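Q: give me a 3D structure for the following:
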Amino acid sequence: MKEERIAFPHCYKFLAKNKEQYEGYIQAFLNLYHPDLKMVRIEKYYVVCIKK
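A: Numbers count the residues shown, from 1 in each chain. Below you'll find the model as predicted:
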């Protein structure tokens, strides 16, 4: 499967109080704007995804 790198808002890093909340913000972003993608990993200010 081909991986895609999607940029997400940088403010998530500063708003999150812990790792779980940070990942939750990113997952919510993907569900809203890219519902056909599944998160694989986070690389700095990008989330690496694959098609569902």
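
Q: so C49 makes contact with P35?
A: No: using CB atoms under 8 Å, C49 is not in contact with P35; the gap is 11.1 Å. C-beta: built from backbone N, CA, C; applies to glycine.

Q: those two: who's more crowded?
A: For C49 versus P35, the count of surrounding residues by other CB atoms under 10 Å is larger for C49: 20 against 9.

Q: burial of I26, as a residue count?
A: Around I26 there are 20 other residues, counting by other CB under 10 Å.

Q: that one against V47, yeah?
A: Yes: in this structure I26 lies within contact range of V47 using CB under 8 Å: 5.4 Å.

Q: now do the shared contacts for those two.
A: Taking CB atoms under 8 Å, 6 or more residues apart in numbering as the contact definition, I26 and V47 share the neighbouring residues F8, M39.

Q: may I have the secondary structure class of the residue nearest to K52 when sequence neighbours are not counted?
A: Residue nearest to K52 in three dimensions, not counting chain neighbours: K38, with 5.0 Å by CB to CB, 6 or more residues apart in numbering. Three-state secondary structure (criterion: DSSP: H, G, I helix; E, B strand; the rest coil) places K38 in strand.

Q: show me the contacts for K38.
A: If you count contacts by CB under 8 Å, 6+ apart, K38 has them with C49, I50, K51, K52.

Q: also E43?
A: Counting by CB under 8 Å, 6+ apart, E43 makes contact with R5.

Q: confirm that Q27 sits in a strand.
A: No: assignment of Q27 by three-state DSSP gives helix, placing it outside any strand.

Q: name the nearest residue to it, sequence neighbours excluded.
A: Counting by CB to CB, 6+ apart, Q27 lies nearest to M39, which is 6.1 Å off, once chain neighbours are set aside.

Q: the one you found against K52, yeah?
A: No: the pair M39 / K52 is not scored as a contact, 10.4 Å apart, by CB under 8 Å.
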